[in-house]
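Trainee: below are the sequence and a predicted model; questions follow.
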Amino acid sequence: MKYEEIALTDNNEQHSFELWVEGKRSFIDYKRKGDTLYLLHTEVPKELEGKGIAAALVEKTLRHLEEHQLKLVPLCAYVQSYLKRHSEWNRLVEKKED
């Protein structure tokens, strides 16, 4: 199943990016400080796991961040593993100040 046609929702009230698939909510929780988003946790309903939804959700979130000139701090283990597999997105990762 392809998820390109499903719009990413930025739910400001719940501080999460959402993807609604088959009437169910998959999401990435975040915390925002200025122009940096801390991606905290990714969750897909059990019955939808293994269908590529989490990967689509992360990619759509990264596109959204880039379009809005935002940086990210990947605190979520799934987002970290996604960035290892798709290193081109590391350009969005907030650089640590020494």
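Mentor: In hand now; what should we look at?
Trainee: wait, what's in contact with the residue nearest to the spatial centre of the chain?
Mentor: The residue lying closest to the centre of the chain (C-alpha atoms, centre = their mean) is Val58, at 3.5 Å. Counting by C-beta atoms under 8 Å, 6 or more residues apart in numbering, Val58 makes contact with Ile28, Thr42, Tyr78, Val79, Tyr82. Just so you know, the C-beta spots here come from the backbone N, C-alpha and C atoms, and that holds for glycine as well.
Trainee: I'd like the residues you listed as JSON lines, with distance to Gln14 appended.
Mentor: Formatted as JSON lines, the contacts of Val58 follow (distance: C-beta to C-beta, whole Å):
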{"residue": "Ile28", "distance to Gln14": "11"}
{"residue": "Thr42", "distance to Gln14": "14"}
{"residue": "Tyr78", "distance to Gln14": "18"}
{"residue": "Val79", "distance to Gln14": "18"}
{"residue": "Tyr82", "distance to Gln14": "21"}
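Trainee: where's stretch 6-13 relative to the chain centroid, distance-wise?
Mentor: Put simply, stretch 6-13 sits 11 Å off its chain's centre (C-alpha atoms, centre = their mean, to the nearest Å).
Trainee: tell me the buried residues in the one helix or strand the residue nearest to the centre of the chain maps to?
Mentor: Counting by DSSP states H and E, the element that carries Val58 is helix 53-67. For helix 53-67, burial by neighbour count (16 or more other C-beta atoms under 10 Å) applies to Ile53, Ala54, Ala55, Ala56, Leu57, Val58, Glu59, Lys60, Thr61, Leu62, Leu65.
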